[in-house]
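> Sequence and predicted structure below; questions after.
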Amino acid sequence: MKFDIYDFSVLTASIHQLLGEMMGETAVMITEMVIVGIVFLTLFAILGLALVYAERKVCAFFQQRLGPMRVGFWGTAQTVADAIKLLLKEPLMTKSADKFLFNLAPFIIIVASFMAIAAVPFALGLQAIDLDIGVFYVTAVSSIGVAGILIAGWASNNKYSLIGAMRSGAQIVSYELSVGLSLLTIVVLTGSLQFSEIIESQREGWWIFRGHIPAFIAFVIYLIAGTAETNRGPFDLAEAESELTAGFHTEYSGMKFAFFFLAEFVNMFIIAAIGATMFLGGWMPLHFGGFTAFNEVMDFIPPIFWFLGKTAFLIFMMMWFKWTFPRLRIDQLLTLEWKYLLPINLINILIMAFIVLMGWYF
Amino acid sequence: MHSEGLILFFLAGIVMVGMGVLLSSLLSPKKQNDVKEEAFECGIPTEGPSWLQFKVGYYLFAILFLIFDVETVFIFPWATVMKEMGMVAFIEILIFFVILGLGLIYAWKKDALKWE
């Protein structure tokens, strides 16, 4: 980075030093943990509120409506009002439900997305945990969420919920393969699973440009599979309103329902953030080899805005999919994954490995 | 932060859901009646139990997933060292993928990928 002021590790180091002067070592550690915890809790809530608002506005504009307009300026406070409404709703549970599992399911889903967001690199030095197996960790942890969905559907003791949960299980486990393999295509190029190193390797240009056609194919597959993994339209047959009322969360109300909703949107953010990091350079500014003046200008824009901009772009793409394509049937869904995406992905990795072997990438 | 910090994120998730559920149970009204506790199935009373044997097709795909997911786990370390090892790694993954592909073709021909 040209500008040290954009490096967040300066800020975190100074906070660490400041706390160190005030209290003992253990107290510093505990205070820092509490700070990080509160920051991420706030981030989680803000992400949820902002993304729900964005979803409703984008949806409205696609359908030539205005969307929420009444609460706050241009309806910006609408989602806050919705959150308060959900908080004041009566939590219902069916008589015949499995009470323990019914209450456990929201915990599993939220914890899974919390664990995944821990590894997301927001900007230079602004990453909670920079694991050396980052990519592997995220793919592993994000798939725990499906257990929550299956438990929710099973515990509700409702036929709609059960069908929705089963569909969702089949869908998420299938598309998880494609997410993992398309990320691996880029890992072949970087030779590292650590997010900070992957971003550093894209200093001269993003992998989607430098990795030739295989990188682009991997990116497209990642977008499709990522949309399917978050249970969003056109892959939202787990909660298809017109046939299953609300799928696996039919029986949930109030705050527990809100957590399912929140997890869906935060998972969408995580998928978009990982995609932006792997394919579009994360917080790296747009650089072209040779254009020194252009690169200098791009360096002025802080990394956090680059990251958020790329992530917002990918989220917008996913919303675009939802309001453009009709919902798939379960057999079409599984055919798409097992007969198209998976074989293409395997061959794609081989081609990418060959390109790396020959040193043909830029 | 080191990888022990993951415990923090685990706890933060639990705190978030726990706080939300607790707050809502304090603030929300409670008026129980029998109709509210019925399972929602389009207004008519529930017919028969919901916990029953389910279509086997879903489990078939779960088994297929299990096989391929384990293969993906094997590819992860390969992808990490591919650049350094060069030709040896490429030939090895070629053999690995041929075997994997044969498995996929077998499942395909056996109509295991067909949804009925």
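On my side now, so go ahead.
> and B:Phe96, that's in a helix?
Yes - assessed by DSSP: H, G, I helix; E, B strand; the rest coil, B:Phe96 belongs to a helix.
> from memory it sits against B:Pro77, does it?
No - the pair B:Phe96 and B:Pro77 fails to qualify as a contact (Cβ atoms under 8 Å) at a distance of 12.0 Å. No exception for glycine: its C-beta is placed from N, CA and C like everyone else's.
> can you count the residues close to the residue nearest to A:Asp98 when sequence neighbours are not counted?
The shortest distance from A:Asp98 to any non-neighbouring residue, by Cβ to Cβ, 6 or more residues apart in numbering or on different chains, is to A:Ala155 (4.2 Å). By other Cβ atoms under 10 Å in any protein chain shown, 25 other residues sit near A:Ala155.
> Contact partners for A:Ala155?
A:Ala97, A:Asp98, A:Lys99, A:Phe100, A:Leu101, A:Phe102, A:Leu104, A:Ala105 (Cβ atoms under 8 Å, 6 or more residues apart in numbering or on different chains).
> And the first one, which helix or strand is it part of?
Meaning A:Ala97. Following DSSP states H and E, one finds A:Ala97 outside all helices and strands.
> Can you show me the helices along chain B?
With DSSP state H applied, chain B shows helices at B:6-27, B:57-85, B:87-109, listed in chain order.
> Please tell me how far the nearest residue to B:Gly18 once chain neighbours are set aside sits from B:Gly20.
Of all residues beyond its chain neighbours, the one nearest B:Gly18 is A:Phe107 (7.8 Å), with distances taken as Cβ to Cβ, 6+ apart. Distance, A:Phe107 to B:Gly20, using Cβ to Cβ, to the nearest Å: 10 Å.
> Equivalent analysis for A:Tyr340, please.
Distance from A:Tyr340 to B:Gly20, counting by Cβ to Cβ: 40 Å.
> More neighbours: which of these two?
B:Gly20 (22 against 13).
> What mean pLDDT does stretch A:231-239 get?
Per-residue pLDDT over stretch A:231-239 has a mean of 78.
> now what about it, what contacts it?
In this structure, residues lying in contact with stretch A:231-239 by Cβ under 8 Å, 6+ apart are A:149, A:164-165, A:167-168, A:171-172, A:175, A:227-228, A:244, A:246-249, A:264, A:268, A:318, A:321-323, A:325-330, A:333.
> and stretch B:81-94, which residues are buried?
Applying a neighbour-count criterion of 16 or more other Cβ atoms under 10 Å in any protein chain shown, one finds B:Met82, B:Lys83, B:Ala89, B:Phe90, B:Ile93 buried in stretch B:81-94.
> go on, stretch A:346-354?
With the criterion 16+ other Cβ under 10 Å, stretch A:346-354 contains buried residues A:Leu346, A:Asn348, A:Ile349, A:Leu350, A:Met352, A:Ala353.
> Apart from its neighbours in sequence, what residue is nearest residue 101?
With no chain named, the answer covers chain A. Sequence neighbours aside, A:Ala155 is the residue nearest to A:Leu101 in space, at 3.6 Å (criterion: Cβ to Cβ, 6+ apart).
> sorry, should have said chain B
Leaving aside its sequence neighbours, B:Gly101 is closest to A:Leu346 (6.7 Å, by Cβ to Cβ, 6+ apart).
> and A:Thr31, how far is that from chain B?
Using Cβ to the nearest Cβ, to the nearest Å, A:Thr31 is found at 12 Å from chain B.
> Could you look up the SS state of the residue nearest to that residue when sequence neighbours are not counted?
For A:Thr31, ignoring the flanking residues on the chain, the nearest one in space by Cβ to Cβ, 6+ apart is A:Leu19 at 5.7 Å. With three-state DSSP as the basis, A:Leu19 sits in helix.
> returning to that earlier point: check which helix or strand the residue nearest to B:Gly101 maps to.
helix A:342-358.
> what helices or strands is that helix leaning on?
When contacts are defined as 3 or more Cβ pairs under 8 Å, 6 or more residues apart in numbering or on different chains; DSSP states H and E, helix A:342-358 sits against helix A:159-190, helix A:212-229, helix B:57-85, helix B:87-109.
> for those, which one sits closest to A:Glu197?
Each of these has some distance to A:Glu197 by Cβ to Cβ; the shortest is helix A:159-190, at 6.7 Å.
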